[in-house]
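Asker: quick one, what's the 3D model for this:
(one chain, ligands or ions: 1)
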Amino acid sequence: MEEHLLTVRNLRVSFDTYAGEVQAVRGVSFYLDEGETLAIVGESGCGKSVTIQTIMKLLPTPPSRIKEGSICYQGKELTALSDKEMEEYRGKEFSMIFQDSMTSLNPTMRVGKQMIEGILRHQKISRGEAKKRAVELLGKVGLPNPELVYRRYPHTMSGGQRQRVMIAMAMACNPKILFADEPTTALDVTMQAQILDLMNQLKKELGTSILLITHDLGVVAKMADRIAVMYAGKVVEYGDARQIFYNPCHPYTWGLLGAMPNLIQDVKSELYAIPGTPPDLYAPPEGCAFAARCPYAMGACLKLDPEEYVCSDGHVSRCWLMDERAEEVTPPDGVPTLPRKSVPGKPSGNTLPEGGTAHE
Ligand code: SF4
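Answerer: Numbers count the residues shown, from 1 in each chain. Reported below is the predicted structural model:
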């Protein structure tokens, strides 16, 4: 069996609350290889942040709970590790960049001191060497006058500068995987482009893998080698970036792509929005969770959760439309797609449930 750097299999995570069980992640599987970027895309509340925080063991237990599944890193099962054992991985093997650098950095400590703490925790070097490494990293992420930045407090810096500091801290111990949770959402577009270029450059130089979480398909286009589209706690489509952008197969992905502004669009036309809201994960619906918002929903969609259908090599969609007996539908204007007959390799044994062949 092919060995990946990180393999997540059938991960199910719930939160036990007074109001009941919230099934935030409902059977997510994916893998990440060395030196690649996997983007997990989806609306707020789809379970993408919970997924990576579970991998990093950052969620308090209770209320969170892994119900099922496996997280395997270089052959080691992470779900079996204690909090203390996991500390060895965080910072050294895994690093994380959060959306809001102001709340992620300690406002009462100078930048340099915060960086040194992380470096000394995982590397057996002297304080002087750690300082040298911190200043070198601040320079590497494009901050002018890194000696001065080293002595500054986070609140005296701009959002873009703080995000660069976060990246420098994250790269301090040459992590194998960088988890980036909406790393550019709080930045303006110019700064966003610079930070994405910086992450790509560091990935190339250090060979770090990136697990990127975002709702912004523009960011995904710039960064991702492979993409997993999440909806209501499940991965509904995954494939490489080309497959998802040039031959998306799932109506939810069509909606996301259709909602992207583009320069050739008539300025008077309204931007497309996916109608409705995601389902309540206290009581996820039977059948396809997207059915209430999907213009192509069939009778089958309301009864049974779709199986995984292979669209092409490495490209999978969880949608009954991929079944040979479903009616052929046309995606909305502006969404690229290949004709159905060019889609090879559907797995055998996938069948539409009874009564599911017509759009009812
Ligand atoms: Fe739409 Fe049915 Fe496909 Fe779900 S399974 S996305 S409801 S067509």
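Asker: need the residues of the stretch 251-360 of the chain near the ligand, please.
Answerer: 251, 288, 290-291, 294, 296-298, 301, 306, 319-321 (Cβ under 6 Å from any ligand atom). (Glycine included, C-beta is placed from N, CA and C.)
Asker: let's see which of the residues you listed end up in helices.
Answerer: Of the positions in those, P251, C301 sit in helices, assigned by DSSP state H.
Asker: what residue ranges in the protein score low on pLDDT?
Answerer: Low-confidence segments of the chain, defined by pLDDT under 70: 1-2, 186-187, 262-269, 333-334, 336-360.
Asker: elements contacting the longest helix seen in it?
Answerer: Ranked by residue count, the top helix of the chain under DSSP H comes out as helix 189-206. In terms of contacts (3 or more Cβ pairs under 8 Å, 6 or more residues apart in numbering; DSSP states H and E), helix 189-206 is packed against helix 159-171, strand 177-181, strand 209-214, helix 217-223.
Asker: one step back: mind putting the residues of the stretch 251-360 of the chain next to the ligand into JSON lines with neighbour count and distance to M86?
Answerer: Formatted as JSON lines, these follow (neighbours: other Cβ atoms under 10 Å; distance: Cβ to Cβ, whole Å):
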{"residue": "P251", "neighbour count": "28", "distance to M86": "38"}
{"residue": "C288", "neighbour count": "26", "distance to M86": "35"}
{"residue": "F290", "neighbour count": "26", "distance to M86": "34"}
{"residue": "A291", "neighbour count": "20", "distance to M86": "38"}
{"residue": "C294", "neighbour count": "21", "distance to M86": "39"}
{"residue": "Y296", "neighbour count": "18", "distance to M86": "43"}
{"residue": "A297", "neighbour count": "19", "distance to M86": "42"}
{"residue": "M298", "neighbour count": "25", "distance to M86": "44"}
{"residue": "C301", "neighbour count": "28", "distance to M86": "39"}
{"residue": "P306", "neighbour count": "24", "distance to M86": "34"}
{"residue": "C319", "neighbour count": "24", "distance to M86": "36"}
{"residue": "W320", "neighbour count": "29", "distance to M86": "39"}
{"residue": "L321", "neighbour count": "23", "distance to M86": "41"}
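Asker: chain center to the longest helix of the chain, what's the gap?
Answerer: 17 Å (Cα atoms, centre = their mean, to the nearest Å).
Asker: what does stretch 174-183 give?
Answerer: 11 Å.
Asker: rewinding a little: quick check: buried residues in the longest helix of the chain?
Answerer: M191, Q192, Q194, I195, L196, L198, M199, L202, K203 (16 or more other Cβ atoms under 10 Å).
Asker: how about the residues of the stretch 101-250 of the chain by the ligand?
Answerer: So the stretch 101-250 of the chain never meets the ligand (Cβ under 6 Å from any ligand atom).
Asker: nearest to the ligand: which residue in the stretch 101-250 of the chain?
Answerer: H250 (6.0 Å; Cβ to the nearest ligand atom).
Asker: surely that residue is in contact with V235?
Answerer: No - using Cβ atoms under 8 Å, H250 makes no contact with V235, being 10.1 Å away.
Asker: anything in contact with each of those two?
Answerer: Residues touching both H250 and V235 by Cβ atoms under 8 Å, 6 or more residues apart in numbering: V229, R318.
Asker: and the residue of the stretch 101-250 of the chain closest to the ligand, what does it touch?
Answerer: By Cβ under 8 Å, 6+ apart, the neighbours of H250 are V229, V236, E237, S317, R318, C319.
Asker: what about 10 Å?
Answerer: 229, 231, 236-238, 244, 256, 290, 294, 306, 309, 311, 316-319, 321-322, 331 (Cβ atoms under 10 Å, 6 or more residues apart in numbering).
Asker: and if you look at Q194?
Answerer: Contacts of Q194 (Cβ under 10 Å, 6+ apart): G142, G160, Q163, R164, T184, L187.
Asker: so where does the fifth one fall, helix or strand?
Answerer: To tie it back to what came earlier, the one meant is T184. Using DSSP states H and E, T184 sits in no helix or strand.
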